[in-house]
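Q: here is the input, now give the coordinates:
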Amino acid sequence: DACSTAMVEEALSQELQLYFEKVTSAVLQASPHLLSAALQSLRSDPGLQALLPYLTQFVTDEVKRSLKDLNVLNALLSMTSALLSNPQLHVEPRLHQLMPAIITCMVGRKLCKSSFDPHWALRDRAAELLTFIVGRYASSYVTLQPRITSTLLYAFLDPERPLTTHYGAIVGLNALGPQTVSKMILPNVSAYAGLMDLDGVTVVDVGGKRIIGQLQTGAVAPVTAKDGLKEDEVEGCRVDRSVATLKEVWKEPSQVKRFEATRVRG
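A: Presented below is the predicted three-dimensional model:
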């Protein structure tokens, strides 16, 4: 991206500029060898802190630009995972940039050109990354899990969203742990099942089968003492269980900010 490159050139040394260009080019190209080398460097290089704001902005911009390009979206998730895995990087101040991109890869309406492409796996990968982020940063970033929960619950209970978005929201909520599932998903399963019936969704549908599988996964997961989302941490997100309520326009809770996933039509 010309704008990102110009920003890097103004603020960074020539060596870091060249590094940025090589890494971002490898992420956008379809070369497994180049991508693997770039990711290994991002995981281990100790001198990338000055470059971190530009790398996280690159992820944010390219997720928006690459919706429906499954290969690029997967590469961007891998890049994000590599940055988070680098023990020398202080990533926490940049989570506000990364979270919308990760959530978009979970709940985006359409993340590939064909419905037969493996976009479900991308959503699963994003949820796994979410588990890692919450496990590492939730204790020091106290609003992180409530904001994620609010965002995903909003997507799950919005009857205007497609099954792909509902699936991503459910797999994301499952990734937050059994306590979140028991407080946010299970009380609404019956109403959601009724909503699926009204819309003519059956277990024969690929999306329907995957959603039912995720709901079953969440239902049988054991709740442990360490899976702690307090009920008042997501104030305003508990909803009426009736199908009629889910058919109404969902009112965003005023007390809890959400991470904004990129919306795309089509």
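
Q: after the one helix or strand residue 17 maps to, next one along is what?
A: Per DSSP states H and E, residue 17 falls inside helix 14-28. Remark: after helix 14-28, the chain's next helix or strand is helix 32-44, criterion DSSP H and E.

Q: next secondary structure after that next one?
A: helix 52-65.

Q: one step back: can you tell me what sits against the helix holding residue 17?
A: For helix 14-28, the surrounding residues in contact (C-beta atoms under 8 Å, 6 or more residues apart in numbering) are 4-5, 8-9, 12, 34-35, 37-38, 41-42, 50-51, 54-55, 58, 62, 72, 75-76, 78-79. Backbone N, C-alpha and C define where each C-beta goes, glycine included.

Q: could you do stretch 127-137 as well?
A: Contacts of stretch 127-137 (C-beta under 8 Å, 6+ apart): 77, 80-81, 84, 92, 95, 99, 102-103, 106, 144-145, 148, 168, 171-172, 174-177.

Q: one more time with 10 Å
A: By C-beta atoms under 10 Å, 6 or more residues apart in numbering, the surrounding residues in contact with stretch 127-137 are 77-78, 80-81, 84-85, 91-92, 95, 98-99, 102-103, 105-106, 141, 144-145, 148-149, 152, 168-177, 180, 214, 229.

Q: export it as PDB, just CAs?
A: C-alpha atoms of stretch 127-137 as PDB (Å, rounded to 0.1, in the frame of the first residue of the first chain):
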ATOM      1  CA  ALA A 127     -11.100 -18.100  17.200                       C
ATOM      2  CA  GLU A 128      -7.900 -20.000  18.200                       C
ATOM      3  CA  LEU A 129      -5.900 -16.800  18.100                       C
ATOM      4  CA  LEU A 130      -8.600 -15.100  20.200                       C
ATOM      5  CA  THR A 131      -8.100 -17.800  22.900                       C
ATOM      6  CA  PHE A 132      -4.400 -17.000  22.900                       C
ATOM      7  CA  ILE A 133      -4.900 -13.300  23.200                       C
ATOM      8  CA  VAL A 134      -7.500 -13.500  26.000                       C
ATOM      9  CA  GLY A 135      -5.300 -15.900  27.900                       C
ATOM     10  CA  ARG A 136      -2.300 -13.700  27.700                       C
ATOM     11  CA  TYR A 137      -3.800 -10.200  28.000                       C
END
